[in-house]
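1. Compute the structure for the input listed below.
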Amino acid sequence: LLWMGGFWWYPNAEAVLWFVKDILPLVKDKLVEQNIRLHFLGAAPPDELKHVHDGANVFVHGFVDSLDDMLTSAHLLFVPLLSGGGVRVKILEAMSNGIPVLSTSKGCEGLGATDGVDIVVRDDAAGFAEALLEIAADREMRVRLSLACRNLLLEKYNLQQTIREKDGIYRRLLGV
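-> Model (predicted):
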């Protein structure tokens, strides 16, 4: 399972500290039982995160030159963001690679994703922990979410569709 994002950005640091303090204790024992590995990628990881690196089930990689290997092997992107704004490129990148996403409402706001359809959204620590374990254990759910998130991208983030829409707007503005 994968986290990615630079920790120099306050919302990412805040999110991962919430994960370490409130969510990880709820799943820690199950990580070993279910053979789940959490991978944290991003520049400048906080010390609290570095301290939970155990080399068995929790890995703090810091900055990596390429995401390719991690994206190829990831079964889930988890995004426990509590604050911040802007487009969550990490979610779009995961979805474009067919990786299901577990997020908070804040983490996926504005993307047009629907909880239970093309993303899973949980805003409290217990719900987030439960969903993380459920998705990790349920291959069919991961496949369904993977297909749905790719469809979401085709519908809402398709470059050719965006170009056609812009072209239509320009034509209307120009009266052509």
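2. helix or strand for the residue nearest to residue 21 when sequence neighbours are not counted, which one?
-> Nearest non-adjacent residue to residue 21, counting by CB to CB, 6 or more residues apart in numbering: residue 48, 7.6 Å away. For glycine as for every other residue, the C-beta is placed from the backbone atoms N, C-alpha and C. Here residue 48 is covered by helix 47-50, with elements defined by DSSP states H and E.
3. List of residues touching the helix or strand just after that helix?
-> Proceeding N to C from helix 47-50, the next assigned helix or strand is strand 58-62, under DSSP H and E. Strand 58-62 has contacts (CB atoms under 8 Å, 6 or more residues apart in numbering) with 24, 31, 37-45, 49-50, 52-53.
4. Restricted to helices, list those.
-> 24, 31, 49, 50 (DSSP state H).
5. number of nearby residues for the second one?
-> The reference is to residue 31. Neighbour count of residue 31, defined by other CB atoms under 10 Å: 20.
6. Contacts only, for it.
-> 37, 38, 57, 58.
7. Try it again at 6 Å.
-> Residues near residue 31 by CB atoms under 6 Å, 6 or more residues apart in numbering: residue 57.
8. Likewise for the one 10 residues further on?
-> Under the criterion of CB under 6 Å, 6+ apart, the contact list for residue 41 reads 4, 61, 64.
9. How far away from the center of its chain is stretch 132-144?
-> Averaging C-alpha positions (CA atoms, centre = their mean, to the nearest Å) puts stretch 132-144 14 Å from its chain's average.
10. Flag the shaky bits of this protein, pLDDT-wise.
-> Residue ranges of the chain with pLDDT under 70: 86-87.
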